[in-house]
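Asker: quick one, fold the following:
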Amino acid sequence: MTWSRLPAFAAAAWLCATAPVLAQAVELNLGHVLTTASHYHAAAVKLAEVAAAKSNGQIKITIFPGAQLGGEVKMIQSARTGTQDIVVTGEPPVENTLKEYTVFSFPYLFSSVDQANGVLQGPIGREMLDLLPRYNMVGLGFISALERNIFTNGKTIGSAADM
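Answerer: Take a look at the predicted model:
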C-alpha cells in the first residue's frame, strides 16, 4: 500500500466502522412560541417534511409549538448549550446574543416584503447567518414576516411626521 492510498483506505475503514451509527434514525426537537396557525409552524412543518423525505425517514423532527419548550430567549440558550435541537424564532430575541442583529430592528429598514426577502435570501442574509456559529448556533434561513409595529401611549401614528 502506498502512502497516497492510505488516507483513502482509512476513510473507507472509518465509514465501514461507523455505517451502522450513521444509519440510525435521528430525532430532533424543534420549538417555537407561536400557534399552529402561524408562519413559524408552517415553516417547521415544511422543514420536518423535507428532512424526512431527504433522509428517507431517518431524520424525524418533533415540533413543539406555543412555547412548550420555553420562551424564545430560553430556547435560544438551550440550542446554544445543546439541550434543544432547533428553534424557529424572531430576530429580536437573537439580539440578546448577537448585537449585529439589532440592525433588523430599525423601523422601515425594508420597503416591501419582496425587498426584505431579496436581502435576507441573498449575500447579506448569508453573511448574517454566518455570524451564528461563533455563538454555537447554525442559521438555516430567514422567514420574512416584515411586521411594522409601533406602540404608543394612545397617540395615533398616521404618517412619518407623527413619529
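Asker: per-residue pLDDT, Phe64?
Answerer: You'll see Phe64 listed with a pLDDT of 98.
Asker: domain ranges for this protein?
Answerer: Here the domain parsing of the chain from the TED database is 24-89, 91-151.
Asker: show me what counts as buried in stretch 88-101.
Answerer: Val88, Thr89, Gly90, Glu91, Pro93, Val94, Glu95, Thr97, Leu98, Tyr101 (16 or more other CB atoms under 10 Å). C-betas here are computed from N, CA, C, even on glycine.
Asker: do the same with stretch 115-124
Answerer: Ala116, Asn117, Val119, Leu120.
Asker: just the closest of these to Ile59, please.
Answerer: Leu120 (24.9 Å; CB to CB).
Asker: tell me the pLDDT at the closest one?
Answerer: Reported pLDDT for Leu120: 91.
Asker: ok so, going back, would you turn the buried residues of stretch 115-124 into a markdown table with distance to Phe151?
Answerer: Below are the buried residues of stretch 115-124 laid out as a markdown table (distance: CB to CB, whole Å):
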| residue | distance to Phe151 |
| --- | --- |
| Ala116 | 21 |
| Asn117 | 25 |
| Val119 | 25 |
| Leu120 | 24 |
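Asker: make TSV out of these and add secondary structure and distance to Glu127.
Answerer: What follows is the buried residues of stretch 115-124, written out as TSV (DSSP: H, G, I helix; E, B strand; the rest coil; distance: CB to CB, whole Å):
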residue	secondary structure	distance to Glu127
Ala116	helix	15
Asn117	helix	16
Val119	helix	10
Leu120	helix	11
